[in-house]
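Colleague: here is my input; please provide its structure:
(chains A and B)
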Amino acid sequence: MIACGRLEQIKQKFGPGVPRMDLPENGRLFVYAEPTVVKDLCAYIFHDLDARYVTSIGIDDRPHSGNFLVAHDFAFDNDHILCSVITHLPPENPRIESISEIVPAASWAEREMRDLVGIEPVGHRYLKRLVLPDGWPEDSHPLRKDVPWNLVPESFNEEREFQFEEPPEGCMVVPFGPFHPTLDEPAHFRLYVEGEMVRGCEYRGFMTHRGIEKLAESVMGYNDIPMLAERICGICGCVHSVAYVQAVESATNLKPTARAEYIRTIMLEIERLHSHLLWTGLACHIVGFDTLFMQSFRIREPIMWVAEKITGNRKTYALNLVGGVRWDIAPEMRADLLQVLNKLEQEWTTVVKAVSGDKNIQKRTRGVGVTTKEMVKSSALIGPVARAAGVDIDCRRDHPYAAYDRIKFDVITASDGDVWSRLQVRMKEVFESIRIIRQCLNKMEDGPLQVEIKDELPVGRIGLSSVEAPRGESHHFVITGENNRPRRWRVRAPTYQNLQGIPAMIKDQQIADMTISLGSIDPCFSCTDRLETVDLRSGTVKVWTPAELRQMREGKVKS
Amino acid sequence: MSRSGLWAIGGGLLNIIMLLVLAPFLQGVSRKLTARIQSRQGPPLWQPYFDLLKLLGKEDIESGEAPAMQRFAAYLSLAIVLTVACLVPMGFSTRMDGIGDIILLIYLLTVSGVCTLLAGLAAGSTYSLVGISREMMTMISLEPLLVIALVTGAVHAHSLRLDNVLNGAVYARDAFPWSGLLMLIVMLLSFQAFAQRIPFDISEAETELMEGPLMEYSGPKLALFKYAQMAKLVVYAALFVAMFVPFGANLPFPLSWLLFWVKVVVMVILVTLVAATHARYRIDQAIRFFAGLIAVALGSLVLASYGY
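Modeller: Sure thing, here's the model as predicted:
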C-alpha cells in the first residue's frame, strides 16, 4: 500500500522525532511529530516527497490533553493520500517554528493561527494581523476555549489602524476596495502603481468575519453545522456542507448510503454548473462584454429552478446530514433535470463556440494574470487556476468522495496559466459536470437516504475531507468532541490559497488587468473571511470613524 | 440686426432644441436594442427622459476636491456640445455662413474633452486621475483623425467654411474619391471611440475605474454630464452623416430632414451593436489601434492633396 510506503519513508528519516503514526483508513495519514522536527518534516514532505500544501490549523486542546495542537495538512495527490502532521505544544506561551520559509503558501494559515489561537509562528517574515480587526486587544485569542463565543473585549481600540508598508519609490498608491464595483464583497488591495503598471500590492481582507467556527464549536450540534456550513459561501454552500459531514464521517468511520452519495454528487455538480456559468458571466462583465454576462445568467436560471424543485431552495440546499442526505430525487425531478441538462448543453455549446472564436476577448485575457507551475506549487494554488497552468489536480479524482469513484469524467487542463486558459478550463468543465450528473442519474439505485446512527459519535477523532469546489479544493478539518458537537472545525476555502497567489499574478501588469486577474480566480471573500466576530473598517483613508457614524445615525433618528 | 443674423441664430436655436429633445430618445433606442440583444425586456424608450428628470430633481451635493470646478465642468460640457450643435447641420444646411469654420469646430470638440479632464481633476481621486490620463491619451490620438477628415474635405472644397466642408466635400469631385473613401473607413472604425462606447469607454470603465472622472458626480450635475454625453453621440453622428453621407440633402424640406435623422438613427444603432458585441480594450491596445488608423488617414491626406 502506498500510504504504508510513505509512512516507512518518514519513519526511516525521522525515527524518534515521530513517535506515532496512524493510518486510520485508506487515504488518510496522521503523523504525530515532536515540535522540534516539524519544520524539517514539513520540508521533507513538501519538497522531497512532493506533497501539496493544504493548510495549517491551530487547536486549543488544553481542556482535554492540556496542550495546544498544531496540524499542518498536506495532500499526496498522485497517491490519493491526505496527510496531517500533528504536534503538541505546551500550554504556556505556545510557539512553533514557522514553516512559511519553506512552504510560502503557509503564510496566511500561520498568521491566522497567531491571531485566533495565539500560537506564535517563530521566524515568520510578515507577522501582521490577518483575521482579527485592528483594534482587537493583543492578548485575546477568540478560538481559545476559555474565550466565550459572544465576547466583546473591553479594551477594543477603535483608533488603531492597519499599518501598511511604505510604497516603493516612484509609485502611486491606488486603493482597490474595500468597495469596488467588481468586488461583490469587501476586501482591500493597496496597489502600488507606476503609470498604468502595477508594481506591487498589499492585502488586508477579512472584513466580514462571522465567527462561524467559534459558533459551531461552542453552540451548535453535529447536524446543525451543515446548515451553518452552507452559509459560509454565497455560491458553493453545498460544497462546504458536504466537506463538513464527510470530515465527521471520516473521523468516525461512518459510511453514508450509496443513494445519498449519488445525490450529493448530483447536487455538487449542479452547484458547479451554476457557479461556472455565473463566473463566465461575471468575467465577461469585468472586461465590458455585458451581452455574454446577460446570456450566461439567462442560461443559468433553469439550473436554479431545478435545484429549487429538488431541495426547496435555489442555493441553500439544506441537503446534508452526518451519514446521509435529506432530500430524494423523485422520478419526475429526474426527468426535469435531464431536460434542463439537454437544453443547457445545447446553449452552452453555442456560447463556447462564440467565445472561443472571439479575438476581442482573447486580446483582454491572453497573457494576463499568468501563473507558472512553480507558483502553483509554492503558493499551493488549486482548482481551475492550477489546472489552467497545467497542474493536473482535481480532488474528485485524486481523493475520491461521494460517488466520484464510480463515475467517469475527464479533468480539464490547459497549459498557458493565463486568464484565457482559466476561461477555457471552466467552460469545458461545464460539459464534464453535465456528463457526471447524467451518469449519476443512470447508476443511482433505490435505497435509504441515511444510515442509522445508534450510538454517540466517538470523541477525539480527527477527520479530514477535501471537496472539489468550483473554485478549487475546499478542505475541512474536524476533531470530534463531547456534547454532540466537534471540538475543532477548521474550514480552508479555495480562495484562501488562490488569493495568496494574486500579488505575484498582478505584478508588472497593467492596472486595467487587475480586475480580470482577480476575477479569474473566482474569488469568494465570504468563504475566506468566515472567521471572527467583529467587523471593522480597513486601513484606507479614513473619512468617518465608527463612533462618528453612530453619532450621525443617532442624530438622524432624533431629528 | 440683419436678416441673415436672425436666420443664423434661429437656425442654431432650432438645432439645439432638436438635439435636446431627440438625444434622450436615441439613448432610449440604444438601451432598448442592447436589452433585446441581451435577451432582456429593457426599459421603455422614454426612460432616459425620466432618468434625467429624476437626477435633476435630486439634492445638489458639493463633493470632491474642487466643487466649483466640478460644477463648471458639468455646465461647460453641455454648453460646448450645444454650441457645436449650432454649427453642424441637423437636417437643414447650417445657417452659420461665415461665422464658424472647421478650426473653430475642432477647438470646440477638443474643449469638450477638456471638460472631462476638469471633472476628473475636481474629483481628485486616484481613480479619476487614472481616468483622465486615459482620456488625454485617447484624445491625443483621436483628434488627428477628425482633423484629417475635416482637412481632407477642406482641401477638396478649397475652403475652411463649414457649409462648404460639411457637405460631402471629402469626396473628390472630378476623380475617383480615394481619400474620401479611406477616411470614411477610418472614421467608421474610430466612431465608437468618438462616441465613447465599449470597446473604447476606457476612461470611464465602470468595472475598472468606477466611472473615472465622473465618480464624484451626482444629482443635477450628473444629469448635465449625462445629457452632454447623450447629445455628443448625436452630434458626432450628425457630423459623420454631414461629412460622409450627405446624399439626399437636396431633397425638398420634410424629406431631407427625415432622411437625415434616419441616417443618424442608423449610426446610433451601429454604435449600439458594436458596443453590445465587444469587450473593452485596454488603453495600450486602443492607442495601437488608433495609431494604425492615423497612418492610413495621413496617406489619404496625401492622396487628397493630389486631387484624389
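Colleague: hang on, A:Leu215 in a helix?
Modeller: Yes - using DSSP: H, G, I helix; E, B strand; the rest coil, the assignment for A:Leu215 is a helix.
Colleague: okay, the residue nearest to it when sequence neighbours are not counted: pLDDT?
Modeller: Distance criterion Cβ to Cβ, 6 or more residues apart in numbering or on different chains; nearest residue to A:Leu215, sequence neighbours excluded, is A:Trp149 at 6.0 Å. For glycine as for every other residue, the C-beta is placed from the backbone atoms N, C-alpha and C. pLDDT, A:Trp149: 84.
Colleague: would you agree A:Met294 is in contact with B:Thr34?
Modeller: No - A:Met294 sits out of contact with B:Thr34 when judged by Cβ atoms under 8 Å, with a separation of 9.2 Å.
Colleague: spit out the residues that contact the two alike.
Modeller: Between them, A:Met294 and B:Thr34 share no contacting residue under Cβ atoms under 8 Å, 6 or more residues apart in numbering or on different chains.
Colleague: which bits of the stretch 201-308 of chain B sit near chain A?
Modeller: Counting by Cβ under 8 Å from any Cβ of the partner chain, the stretch 201-308 of chain B comes close to chain A at B:201-202, B:205-208, B:210, B:276-285.
Colleague: recalculate using a threshold of 10 Å.
Modeller: With the criterion set to Cβ under 10 Å from any Cβ of the partner chain, the stretch 201-308 of chain B comes near chain A through B:201-202, B:205-211, B:275-285.
Colleague: for A:Gly472, grab phi and psi.
Modeller: Per-residue torsions, A:Gly472: phi 140, psi -170 (degrees, to the nearest 10).
Colleague: ugh, wrong one, I meant A:Gly211
Modeller: On the backbone of A:Gly211 - angles per degrees, to the nearest 10 - the values are phi 60, psi 30.
Colleague: is B:Ala286 in contact with B:Met139, as I believe?
Modeller: No - if you go by Cβ atoms under 10 Å, B:Ala286 and B:Met139 don't touch, sitting 11.8 Å apart.
Colleague: show me the common contact partners of the two, please.
Modeller: B:Ala193 (Cβ atoms under 10 Å, 6 or more residues apart in numbering or on different chains).
Colleague: need the contact list for A:Thr87.
Modeller: Going by Cβ under 10 Å, 6+ apart, A:Thr87 touches A:18, A:31-38, A:41, A:67-72, A:96.
Colleague: just the buried residues out of those residues, in PyMOL syntax.
Modeller: A single PyMOL command selects the buried members of these (16 or more other Cβ atoms under 10 Å in any protein chain shown):
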select buried, chain A and resi 18+31+32+33+35+37+38+41+67+68+69+70+71+72+96
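Colleague: flag the shaky bits of the stretch 1-150 of chain B, pLDDT-wise.
Modeller: The model of the stretch 1-150 of chain B has pLDDT under 70 over residues B:1-4, B:92-99.
Colleague: count of neighbours near the residue in it positioned nearest to chain A?
Modeller: Closest residue of the stretch 1-150 of chain B to chain A, Cβ to the nearest Cβ: B:Gln38 (3.6 Å). B:Gln38 has 17 neighbours, counted by other Cβ atoms under 10 Å in any protein chain shown.
Colleague: and the one 3 residues further on, by the same measure?
Modeller: Close neighbours of B:Gln41, defined as other Cβ under 10 Å, add up to 8.
Colleague: that one against B:Gln47, yeah?
Modeller: No - between B:Gln41 and B:Gln47 there is no contact under Cβ under 10 Å: 11.6 Å.
Colleague: give the buried subset of the residues of the stretch 201-308 of chain B next to chain A as a ChimeraX selection command.
Modeller: Per 16+ other Cβ under 10 Å, the buried members of those correspond to this ChimeraX selection:
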select /B:201,202,205,206,207,208,209,210,211,275,276,277,278,279,280,281,282,283,285
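Colleague: picking that back up, now do the shared contacts for B:Gln41 and B:Gln47.
Modeller: B:Lys32.
Colleague: shouldn't A:Pro91 be in contact with A:Asp61?
Modeller: Yes - the pair A:Pro91 and A:Asp61 passes the contact test of Cβ under 10 Å, sitting 9.2 Å apart.
Colleague: more neighbours: which of those two?
Modeller: Of the pair A:Pro91 and A:Asp61, A:Asp61 is the one with more neighbours under other Cβ under 10 Å, namely 18 against 13.
Colleague: so the closest residue in space to the more buried one that isn't next to it in sequence: helix, strand or coil?
Modeller: Leaving aside its sequence neighbours, A:Asp61 sits nearest to A:Leu69 (Cβ to Cβ, 6+ apart; 4.8 Å). Secondary structure state of A:Leu69, per three-state DSSP, is strand.
Colleague: so what's the residue count around A:Thr257?
Modeller: A count of nearby residues for A:Thr257, using other Cβ under 10 Å, gives 18.
Colleague: kindly report the same for A:Ile299.
Modeller: A:Ile299 has 23 neighbours, counted by other Cβ under 10 Å.
Colleague: part of a helix, is it?
Modeller: Yes - under three-state DSSP, A:Ile299 sits within a helix.
Colleague: chain A contacts on the stretch 51-200 of chain B?
Modeller: Applying Cβ under 10 Å from any Cβ, we find that the stretch 51-200 of chain B lies next to chain A at B:Ser125, B:Thr126, B:Tyr127, B:Leu129, B:Val130, B:Ser133, B:Arg134, B:Met137, B:Arg197, B:Ile198, B:Pro199, B:Phe200.
Colleague: find the centremost residue of the chain, please.
Modeller: I went with chain A, as the question did not name one. A:Ala493 (0.9 Å; Cα atoms, centre = their mean).
Colleague: hm, I was asking about chain B
Modeller: The centre of chain B sits closest to B:Tyr236, judged by Cα atoms, centre = their mean, with a distance of 3.3 Å.
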